[in-house]
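> Next come a sequence and a model predicted from it.
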Amino acid sequence: MTTAAPAQTPSTPATGGLAVSELTKAYPTPREPLVVLKGVSLTLSPGQRLAVVGPSGSGKSTLLNILGTLDTPTSGRVRLAGVDPFALSADDLARFRSRSIGFVFQDHHLLPQCTALENVLLPKLAQEGKTSMADAERASDLLEKVGLSDRATHLPAELSGGERQRVAIARSMINQPALLLADEPTGNLDSKTATAIADLLLSLSRETILIAVTHSAQLADRFDRKMQMQDGELHDA
């Protein structure tokens with residue numbers, strides 16, 4: 001496999017937008033392919049926030065997985081910050097994903113044996129094999145921004161559900177990603193905590209493209225743009 005030229009990699013992760021063109025995804029079945037995405041196109045600039053709503057099984061999570069390069073499209077094109085991630089080698093793709101894409105899931109996915117600060121630093125460790133003093137300072141700053149500076153040395157088991165999600169948000173921003181993907185980020189939280197988490201996502205992603213899949217109308221209404229996924233097609237809501 002040919003490694004993409006270094007010039008294709010953006011110099012600053014948060015530089016450039018997202019362009020999705022005629023994206024399709026189909027899975028083979030014994031009878032005929034199961035088409036999950038049908039020609040999805042989308043363009044977003046840095047700082048734009050998009051909420052994707054729709055019923056279960058409509059293709060929302062599949063779209064998020066492809067945009068996060070956790071899955072590959074059957075056809076179509078994705079360009080993030082000037083890069084076609086699916087044209088990269090496996091190693092370069094892993095580095096690009098770590099550097100340029102942040103994830104916030106419904107379940108926080110924190111490592112139970114690591115402190116809050118160590119969990120925030122994990123993407124840096126995965127990307128570079130080590131962390132620096134500057135990385136630790138940024139992680140501490142992010143924990144302060146999410147209101148957890150006094151909980152930096154606590155393990156996930158010592159944190160509430162809302163606090164664990166705050167750590168996950170801080171972790172998603174450690175590399176200043178070009179794209180932040182949130183999959184039902186408030187789905188497991190009470191309404192008061194959900195509002196606080198939404199506030200954090202929106203305030204921390206001012207220069208980042210934010211796409212959130214959500215069933216919460218309250219959350220979706222706070223985004224710049226809302227689109228509906230229905231039967232594999234994406235339309236303005």
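Perfect, I can see it now. Not measured: the values here are computed from a predicted model. Residues are numbered from 1 along each chain as shown.

> Look up how far Ser205 lies from Gln218.
Distance, Gln218 to Ser205, using Cβ to Cβ, to the nearest Å: 18 Å. (Each C-beta comes from the backbone N, C-alpha and C, glycine too.)

> ok, those two, which is more surrounded?
Ser205 (24 against 12; other Cβ atoms under 10 Å).

> Return the residues in contact with the more buried one.
Applying Cβ atoms under 8 Å, 6 or more residues apart in numbering, we find Ser205 in contact with Gly47, Arg49, Met173, Leu180.

> Any quick ChimeraX command for the buried ones out of these?
Here is the ChimeraX selection string for the buried members of the contacts of Ser205, based on 16 or more other Cβ atoms under 10 Å:
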select :49,173,180
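
> May I see the contacts of Ser205 organised as a markdown table, with secondary structure added?
As requested, the contacts of Ser205 are exported to a markdown table (DSSP: H, G, I helix; E, B strand; the rest coil):
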| residue | secondary structure |
| --- | --- |
| Gly47 | coil |
| Arg49 | strand |
| Met173 | coil |
| Leu180 | strand |
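
> Out of the contacts of Ser205, flag the one nearest to Gln228.
Distances from Gln228 to the contacts of Ser205, taken as Cβ to Cβ, are shortest for Arg49 (16.0 Å).

> What lies in contact with stretch 216-234?
35-42, 48-55, 58-60, 63, 185-187, 191, 194-195, 198, 202, 210, 212, 214, 235-237.

> Sitting in helices, which of these do you find?
Those of those mapping onto helices are Lys60, Leu63, Ser191, Ala194, Thr195, Ala198, Leu202, per DSSP state H.

> who wins for neighbours among these?
Within these, neighbour counts (other Cβ under 10 Å) peak at Leu63, which reaches 27 neighbours.

> Do a quick rundown of the strands in this protein.
Remark: strands assigned in the chain by DSSP state E are 18-27, 34-44, 49-53, 75-80, 101-104, 179-183, 209-213, 225-230, 233-236.

> right, so of those strands, which gets closest to Thr69?
strand 101-104 (6.8 Å).

> ok now stretch 149-166, how far from the chain's centre?
Offset of stretch 149-166 from its chain centre (Cα atoms, centre = their mean, to the nearest Å): 20 Å.

> Let's see that stretch as CSV, backbone CA atoms only.
Once non-C-alpha atoms are left out, stretch 149-166 reads as follows in CSV (Å, rounded to 0.1, in the frame of the first residue of the first chain):
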residue,chain,number,x,y,z
SER,A,149,-9.7,20.4,38.4
ASP,A,150,-10.2,19.1,41.9
ARG,A,151,-11.0,15.6,40.7
ALA,A,152,-7.9,15.1,38.5
THR,A,153,-6.4,12.3,40.6
HIS,A,154,-9.7,10.4,41.0
LEU,A,155,-10.5,7.2,39.3
PRO,A,156,-13.7,6.8,37.2
ALA,A,157,-15.3,4.7,39.9
GLU,A,158,-15.0,7.7,42.2
LEU,A,159,-16.8,10.0,39.8
SER,A,160,-20.5,10.5,39.0
GLY,A,161,-21.9,9.7,35.6
GLY,A,162,-21.9,13.4,34.7
GLU,A,163,-18.3,13.8,35.9
ARG,A,164,-17.2,10.8,33.9
GLN,A,165,-18.8,12.3,30.8
ARG,A,166,-17.0,15.6,31.5
